[in-house]
Every structure is written in C-alpha cells, then in structure tokens.
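K.L.:
coordinates only, no sequence provided:
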C-alpha cells in the first residue's frame, strides 16, 4: 500500500504555503505500508472452478442453536513487524451475498473489534463471530482492513490515521478481490422435528378419571382349573398350601382405555411386574387379594389424550456419565450434576400433569422431581435410586404413542423455524427395532416455504396384537452455495414406541 503527501501549489497568495514562485512543486513524500500477510482458517478463496470439485468442509459453517458462533482463525505469516513500526491495528468485515444481483453488498453485516499485535498469540487470533446479526443460509466474504499512523513526515506530525476500510471494492461479485478476500457459507442446521399430539388413534373428549373396583371377581390357580370364589360361602375356602400360590383376576369396565394406572391400597402397581393385562382382565401376580383391599384404576375414557405409562426396573448398575451422555438409556446417573435422571419415551404435553412413582409411591412434582430445561424428556430426581427399584412415569405424550387401535394412524410434527427455501425434505421411518436396522415403512414429504406443520399417515395393518414398532422423522436440509456445492445437514426426531393393541386393524 503506497501513500503520498499532498502536492501544494507555490504562489504569492498569502493564504498558501511555501510562496516562493508561482508554480506547482511536483515532489512530495511517499510512504509505503507493507501490510501484514495472513490467511484465514475456516474460510477459503472464492474460485468456483476449484470449489465446485472440492469438499465444503473448509469453508462451510453449520450453525445449531441461537448462541453458536462462527469460528475463524486469522494467521499472520509475514510483515508482522509493520504492526509495531506503524502502531497498526487490524479489523475485518463480513459482506452478504445478494442472489438477485449476483454480488456482495457493500454494507457490512458484521464488523469486528480492533485487533492489536499484542493481542495475537503466535501471530494468530481466533475470532468467534456471533450469528445474531447475520442472515443464515447465506454466503459471505471477509475483507480485512488496517488502521495505521501515516508514515510521511507531514501527515505523521499531523497525527493522521490511515484507514483502508474507506476503500471497498473488487473485480468480481461487485466487491470481491481474489487477492485479499476470503469466503464462507453460513447455514442454519436442520431443525429437529418435534411431534404434536394427534387424535387419529382415539375418539371424543374426556379427562383422567378414577374408578373403584371390587376385588372378589375371580382367582387363578397356576396348576389347576380356574375356580370362582364366593366369599359368602364359608365352605369354599382355599387350601392353605394352595392359597400361597394364588393370583387374583380383576375384571375392568369395558369403557376404560388401555394403558391405565392401577393402584392397590394407595400404591401404584407396575404392569408386567405386579400385574398383567389381557382381554379386559387384570391378573395380580404378587399375592391373592382379600376383600379388605382397595383397588383403583386411573384411566382415560373416550379421550383423545391417550395415557402413556413408561415402566423401568433397576435390575443392574445404573449407567452413568456426564450431561447428555445417556444415549439410549432411560435411567441414568449424571456425574456432572450428581443427579439421577429418567427419560420418557416421548415428550410430555404438559409436565404439570406428569406422575412419577417409585415402588408404588407417588412423588411430588416440582419437589421430588422436576423437568429439565434443555431436554423436555429428561426428568431430574431429587433423590436416589437403588437396585430393584420399579419406576412408573405416567403422562400425556406428544405424537401417536402407546397402544395403536387404528390401521392408519397419523404422525404430526412441527419444525422451528419454518423453511425459507425449497431445499429439504422429511423422511418418516417405521421400524421393528429401536436401532432402525429393520425399517418396514418409509415416506418423504418436501419442504413448503413458511410452513412449520407437517403430517403423514402410516400403515400398521398386517401386524398383530402385542407387536411393538418404532417411528421417527428425519429432517434433511440441503443448502446450495454460489459455486453449486451442496451443504447437507440433518436431524432426527425423538423415537416414538408404539404397540399394536388390537387385531381389528386387520379386518376385511
């Protein structure tokens, strides 16, 4: 960079300097500023003949969340002594690409703070650029500038500061200069689809209700035929040696939807641990019931809100690790916070109505447990868990969860923010295993600009009572750069387990 003193006219006019003869003196001081050379790690030069055949990893920045910055590393490689010789400082600006004009705007989207040589580490500086002021899903160029004291005699004495940012220009894309400028693409990561509640699997309206059930219905003997017990017939008394092995069968009203919450004398029972349910009857497994026992059932009757019960048994050492290290575990010990955590199968619609029970005892919401602010499926316990604990979590879930009673339920989801371009699609996947190694149904739905809500009907006919399936949605987003490269990002929804609750879905 070369700078030259101004040339002053030499005349007899009193207002002018150096009035010797009436001519122009064509000589003046010349100063050459040897700008420090640098390169930018995390960016590249904008040459489509090269970039169209290379990986996007060197200049693409996929941003997830509101606080993730763009990380760039400026490394100065030569002429660094100019920093101190001219008390120079460095800054840079980002300029956004305008697709309609095929050029970069001359108004910067971001301006860095001043960077001094003393702030560099090994002649380099790592810059974290906030994305709050940028428009994501866009291309940007980076222009570096210097401010330094003028190095000619007169301008230096006047304290004049030269600022190279006064000169914004280039030969390509409006203001791009391939010898000095760098290029990046900034893309918002594919958002995670979140399921909405969908009433396609049930009917009408209702709420949680409670019914008291008598316990003197039927008893079952493991090795002999089923007998009916008449508690008014004193002669029909079970032999003592057989009574120890007796289970009790309880019939329930036909208008009660499964799943439900079953309690015995105030303690919540766990399905398949304390009882089984089949064909409209409950079989209590632990011991024969007596007339003084009180059995209650909490259920939804003719309600679009299907109750979900997640039941976990602590049968071995609880997995542990740092925050968000739970993987696929439903019971976890967080070594970062020293808290036990539970993870629901789906996201609860309203956490204030979540019930957590350990060994039949109902915990206090907000005191004994509370919901995570970073993961709505995470429940944080304010106490300990031990071996053989049985945990039941009851809640109304988002999405079609639990028992399926229709042959073509609907999965609905929302995406935030809504797509701004037609550059992506959703893939619904239905599998027989939670790892999705055996996908039995798949279907895609394209983006719609400005549309946050999507849904799909998926078939479950052909499966029989008790079959367990899993579904999820994948969001694929593809951003095309100036040079035609595709930057892909994707995100999976949570995995929703479902169980076929009736064979009538196969009726014909």
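P.N.:
Noted; the coordinates are in hand. These numbers were taken from a predicted model, which means no experiment stands behind them. Numbering: from 1, shown residues only.

K.L.:
which stretches of the stretch 201-350 of the chain form helices?
P.N.:
Secondary structure of the stretch 201-350 of the chain, counting by DSSP state H, counting those that start in this stretch: helices at 240-243.

K.L.:
before we move on, what about the chain?
P.N.:
Remark: helices assigned in the chain by DSSP state H are 48-51, 81-85, 153-157, 240-243.

K.L.:
any regions of the stretch 251-400 of the chain where pLDDT drops low?
P.N.:
By pLDDT under 70, the low-scoring segments of the stretch 251-400 of the chain are 251-258, 279-280, 285, 291, 300-306, 399-400.

K.L.:
can we see that at 90?
P.N.:
For the stretch 251-400 of the chain, applying pLDDT under 90 flags the ranges 251-311, 327-328, 345-355, 357, 359-366, 374-377, 390, 392-400.

K.L.:
need the distance between the two termini of stretch 432-445.
P.N.:
22 Å (CA to CA, to the nearest Å).

K.L.:
stretch 42-61 now?
P.N.:
End-to-end for stretch 42-61, by CA to CA: 8 Å.

K.L.:
just give me how far it sits from the chain centre.
P.N.:
27 Å (CA atoms, centre = their mean, to the nearest Å).

K.L.:
by mean pLDDT, show me the worst of the helices of the chain.
P.N.:
Across those, helix 240-243 has the smallest mean pLDDT, namely a mean of 43.

K.L.:
okay, and the beta partners of residue 343?
P.N.:
residue 378 (DSSP bridges).

K.L.:
just give the nearest non-adjacent residue to the residue nearest the centre of the chain, would you?
P.N.:
The chain has residue 192 as the residue nearest its centroid, 5.0 Å off, counting by CA atoms, centre = their mean. Spatial nearest neighbour of residue 192, excluding adjacent residues (CB to CB, 6 or more residues apart in numbering): residue 491 at 4.6 Å. Heads up, the C-betas are built off the backbone N, CA and C, glycines and all.

K.L.:
what sits against that neighbour?
P.N.:
Taking CB atoms under 8 Å, 6 or more residues apart in numbering, we find residue 491 in contact with 189, 190, 191, 192, 193, 474, 475.

K.L.:
quick one: which of these sit in strands?
P.N.:
Counting by DSSP state E, the part of those found in strands is 474, 475.

K.L.:
which of the contacts of residue 491 are buried?
P.N.:
Among the contacts of residue 491, those scoring as buried are 189, 190, 191, 193, 474, 475 (criterion: 16 or more other CB atoms under 10 Å).

K.L.:
please identify which of those is nearest to residue 390.
P.N.:
Closest to residue 390 out of the buried ones among the contacts of residue 491 is residue 193 (32.4 Å), distances taken as CB to CB.

K.L.:
tell me how the chain divides into domains.
P.N.:
33-188, 207-300, 308-395, 402-506 (automatic domain parsing).

K.L.:
now the last one, how far from the centre of its chain.
P.N.:
Spelled out, it's domain 402-506. A distance of 16 Å separates the centroid of the chain from that of domain 402-506, by CA atoms, centre = their mean.

K.L.:
pLDDT of it, averaged?
P.N.:
Averaged across domain 402-506, the pLDDT comes to 91.

K.L.:
of the contacts of residue 491, closest to residue 329?
P.N.:
Relative to residue 329, and with distances defined as CB to CB, the nearest of the contacts of residue 491 is residue 192, at 19.7 Å.

K.L.:
quick one: that closest one and residue 454, what's the gap?
P.N.:
Going from residue 192 to residue 454 by CB to CB, to the nearest Å gives 13 Å.

K.L.:
check residue 259 too.
P.N.:
In terms of CB to CB, residue 259 sits 27 Å off from residue 454.

K.L.:
that older thread, nearest to residue 367, of the buried ones among the contacts of residue 491?
P.N.:
Distance to residue 367 across the buried ones among the contacts of residue 491 (CB to CB) is lowest for residue 193, with 33.0 Å.

K.L.:
and the closest one, how far from residue 452?
P.N.:
On the measure of CB to CB, residue 193 and residue 452 end up 10 Å apart.

K.L.:
picking up where we left off before, which one of the buried ones among the contacts of residue 491 is nearest to residue 274?
P.N.:
For the buried ones among the contacts of residue 491, the nearest to residue 274 is residue 193 (36.0 Å; CB to CB).

K.L.:
so who does residue 416 touch?
P.N.:
For residue 416, the contacting residues are 191, 194, 452, by CB under 8 Å, 6+ apart.

K.L.:
check residue 337 too.
P.N.:
Residues in contact with residue 337 (CB under 8 Å, 6+ apart) are 323, 380.

K.L.:
would you check how far apart it and residue 271 are?
P.N.:
Where residue 271 is concerned, residue 337 sits at a distance of 30 Å (CB to CB).

K.L.:
now do the contacts for the closest residue in space to residue 171 that isn't next to it in sequence.
P.N.:
In this structure, residue 171 finds its nearest non-sequential neighbour in residue 177, 6.6 Å apart by CB to CB, 6+ apart. With contact taken as CB under 8 Å, 6+ apart, residue 177 is in contact with 143, 169, 170, 171.

K.L.:
can we see that at 10 Å?
P.N.:
Contact analysis of residue 177 by CB atoms under 10 Å, 6 or more residues apart in numbering lists 46, 141, 143, 168, 169, 170, 171.

K.L.:
narrow those residues to those that are buried.
P.N.:
Applying 16+ other CB under 10 Å to these flags 46, 141, 143, 168, 170 as buried.

K.L.:
from those residues, which two are the most distant?
P.N.:
Maximum pairwise distance in the buried ones among the contacts of residue 177, criterion CB to CB, is 16.0 Å, between 46 and 168.

K.L.:
residue 501 touches residue 465, doesn't it?
P.N.:
Yes - contact criterion CB atoms under 10 Å: residue 501 and residue 465 qualify, at 6.8 Å.

K.L.:
who touches both of the two?
P.N.:
residue 403.

K.L.:
which one of those two has more residues nearby?
P.N.:
Taking neighbours as other CB atoms under 10 Å, residue 501 and residue 465 compare with residue 501 leading, 20 against 15.

K.L.:
so which bits of stretch 365-382 are buried?
P.N.:
Buried residues in stretch 365-382 (16+ other CB under 10 Å): 365, 369, 370, 371, 372, 375, 376, 377, 378, 379, 380, 381.

K.L.:
strands of the stretch 351-500 of the chain, start to end?
P.N.:
Using DSSP state E, counting those that start in this stretch, the strands of the stretch 351-500 of the chain run over 355-358, 361-362, 369-371, 378-381, 390-395, 402-404, 410-414, 424-431, 439-446, 453-457, 468-480, 486-492, 496-500.

K.L.:
including distance to residue 89, could those go into JSON lines?
P.N.:
Below are these laid out as JSON lines (distance: least, CB to CB, whole Å):
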{"stretch": "strand 355-358", "distance to residue 89": "58"}
{"stretch": "strand 361-362", "distance to residue 89": "64"}
{"stretch": "strand 369-371", "distance to residue 89": "48"}
{"stretch": "strand 378-381", "distance to residue 89": "47"}
{"stretch": "strand 390-395", "distance to residue 89": "57"}
{"stretch": "strand 402-404", "distance to residue 89": "63"}
{"stretch": "strand 410-414", "distance to residue 89": "47"}
{"stretch": "strand 424-431", "distance to residue 89": "42"}
{"stretch": "strand 439-446", "distance to residue 89": "49"}
{"stretch": "strand 453-457", "distance to residue 89": "50"}
{"stretch": "strand 468-480", "distance to residue 89": "35"}
{"stretch": "strand 486-492", "distance to residue 89": "34"}
{"stretch": "strand 496-500", "distance to residue 89": "55"}
